[in-house]
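Trainee: after the sequence you'll find the predicted model.
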Amino acid sequence: MKEITAIIRRDKLPETKKVLDELGYSSLTIQSVDGRGKQKGAMCAEMDSEMPESFCTTVKLKPTPSAYALEHTLPKVALYVPKRMLTIVVPDDVVSKIVKSIIKVNQSGKRGDGKIFVSPIEGAVRVRTGEMNGEAIS
């Protein structure tokens, strides 16, 4: 068994859930999380795929702290980007298929598309029935 943890854009959650359901793996845990990656606080277009590319250079009446820091000589503000974190435990033989499907749905080619982590699971127990390991995750 493996645990797949995917951190994705918020707007990609419905499409990701749909593809997992179509693959027969609708049991998952979803959490709202905040974090940052290589952008180091410069959120701008990476924060939201709907945001225009020119947002960073077109400062509005109320610029975001990261946009203001980029336009001035201030240190960049360490802001955190809201994301969704999905956790799903699956048999070893379907890990590759599920990871490829998550990538296909979430890959835009821009910073902020997310990360996927795959970890081994030593055991699982369904509390209600006491079923263990493979039976507990199906």
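Mentor: Thanks, I have it. What you are looking at is a predicted structure, and each value in this text was computed from that prediction instead of being measured.
Trainee: please parse the chain into its domains.
Mentor: As assigned by automatic domain parsing, the chain contains the domains 1-36+80-138, 38-79.
Trainee: what is the end-to-end distance of the shortest one?
Mentor: Spelled out, that is domain 38-79. 12 Å (Cα to Cα, to the nearest Å).
Trainee: same question for the longest one.
Mentor: This stretch, domain 1-36+80-138, spans 11 Å end to end (Cα to Cα).
Trainee: present the domains of the chain as TSV; the columns should include mean neighbour count and mean pLDDT.
Mentor: Any C-beta I mention is one placed from the backbone N, CA and C, and that applies to glycine too. Formatted as TSV, these follow (neighbours: other Cβ atoms under 10 Å; pLDDT from 0 to 100):
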stretch	mean neighbour count	mean pLDDT
domain 1-36+80-138	14	94
domain 38-79	14	54
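Trainee: looks like residue 102 contacts residue 19 (just checking).
Mentor: Yes - counting by Cβ atoms under 8 Å, residue 102 does reach residue 19; the two are 7.5 Å apart.
Trainee: in its sheet, what does the helix or strand harbouring residue 30 sit against?
Mentor: For residue 30, the host element (DSSP states H and E) is strand 29-35. Paired strands of strand 29-35, with direction, are strand 81-90 (antiparallel) (DSSP bridges).
Trainee: list the contacts of the partner strand.
Mentor: For strand 81-90, the surrounding residues in contact (Cβ atoms under 8 Å, 6 or more residues apart in numbering) are 1-10, 12-13, 16, 20, 25, 27-36, 39, 43, 46-47, 98, 102, 112, 114, 121, 124, 137.
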